[in-house]
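J.: please work out how this folds:
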Amino acid sequence: MRVVSACFVIVLLVSAAYAQKKPWTEWTKKDIEKTLNDSAWGQTQTEGSASSSSQSQSSDSAITQVAAQRSADRQLSRTGESGESKPSTVVKYHVRFLSAKPVRAAFARMVLLTKPEADANLTAQLQGFIDREMNDYIVVSVGVEVENQKLAGPLMNAFSAATTEALQKNVYLERKDGKKLYLMEYRAPIEDGMGAKFIFPRKLEGQPFLSESDVVRFVAQFNEKMKLNTRYKLSDMLYDGKLEY
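T.: So this is what the prediction gives:
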């Protein structure tokens, strides 16, 4: 079992490296999801518990888990009829460095995949979005994924109602030496599919806050029950030979 797990990890690492070598216009949906949700620039924080029906499934097989989850999703609409199944409370927070080019490339590729007849003009516009220099700011975006759609409303309300003033002391980037960089501006989600955006100055006291040797945490606390805490290693955040964050 350990050998299989090790091989699976190696496959994921190879897939991530291969995606970086391909032009972003050739990325697959799998490449996009890997970059956005499980990479040096994008992490996923999972909270809550799955539905009771999916919890009873064995965790030995990834294929079995997927099949069980699909079955659980179908049962959600019938939850409460028999009292035997509890709805999922799983919430996945996707926390990404939007100011990093690979993350913007993933979002750009996502747009192209939804427009099979996209012309060169759109591709050029998206390339401009990817290449935009972020010399003054670090931007972290947070997207939310839920299995039980009844949870979506309250979560979106929390993000929409939040303000820079309310979050300023509770949202920060923290280096391994304990130094913190606090939120400069918060932008609630809009119809761009990228989620809420947290903007920080790129420099602190005239010097870049982060360097390749740093490990950094993104911390955001909206209330007692809603706190994000994800960790990134900057030495892994190299894209086209350049540190991207």
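J.: count of residues packed around residue 160?
T.: 11 (other Cβ atoms under 10 Å). For the C-beta atoms, the positions are set from N, CA and C on the backbone; glycine is no exception.
J.: pull out the buried positions in the helix or strand where it lies.
T.: Assigned by DSSP states H and E, residue 160 belongs to helix 152-161. Neighbour-count burial for helix 152-161, counted by 16 or more other Cβ atoms under 10 Å, picks out 158-159.
J.: helices or strands up against the helix or strand following it?
T.: Sequence-wise, the next helix or strand downstream of helix 152-161 (DSSP H and E) is helix 164-167. With contacts defined as 3 or more Cβ pairs under 8 Å, 6 or more residues apart in numbering; DSSP states H and E, the packing partners of helix 164-167 are strand 185-187.
J.: show me the domain layout of this structure.
T.: Per automatic domain parsing, the domain ranges recorded for the chain read 2-51+89-243, 52-88.
J.: rebuild those domains as TSV, extending it with mean pLDDT.
T.: Shown next, in TSV, are the domains of the chain (pLDDT from 0 to 100):
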stretch	mean pLDDT
domain 2-51+89-243	90
domain 52-88	47
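J.: what packs against the helix holding residue 160?
T.: strand 137-146.
J.: and the contacts of the strand it packs on?
T.: Here strand 137-146 makes contact (Cβ atoms under 8 Å, 6 or more residues apart in numbering) with 36, 88, 90-99, 103, 152, 155-156, 159, 173, 181, 184, 193-202, 209-210, 218, 220, 228, 245.
J.: just the angle between it and helix 152-161, please?
T.: Computed by axes from the mean of the first three to the mean of the last three Cα atoms, to 10 degrees, the angle separating strand 137-146 from helix 152-161 equals 160 degrees.
J.: the closest residue to residue 201 other than its chain neighbours: what's it in contact with?
T.: In this structure, residue 201 finds its nearest non-sequential neighbour in residue 184, 5.5 Å apart by Cβ to Cβ, 6 or more residues apart in numbering. Neighbour list for residue 184: 137, 164, 199-201 [criterion: Cβ under 8 Å, 6+ apart].
J.: now the buried members of these.
T.: Buried subset of these (neighbour count, 16+ other Cβ under 10 Å): 199-200.
J.: closest one of the contacts of residue 184 to residue 177?
T.: residue 200 (16.8 Å; Cβ to Cβ).
J.: am I right that that closest one is in a strand?
T.: Yes. Counting by DSSP: H, G, I helix; E, B strand; the rest coil, residue 200 falls inside a strand.
J.: now do the same contact list for it.
T.: Counting by Cβ under 8 Å, 6+ apart, the residues that residue 200 touches are 137-140, 172-173, 181-184, 209.
J.: start to end distance for stretch 34-49?
T.: With Cα to Cα, to the nearest Å as the measure, the ends of stretch 34-49 fall 23 Å from one another.
J.: sorry, slip of the keys, the one I care about is stretch 105-125.
T.: Using Cα to Cα, the two ends of stretch 105-125 sit 12 Å apart.
J.: and it, how far from the chain's centre?
T.: When distances are taken as Cα atoms, centre = their mean, to the nearest Å, stretch 105-125 is centred 20 Å away from the chain's centroid.
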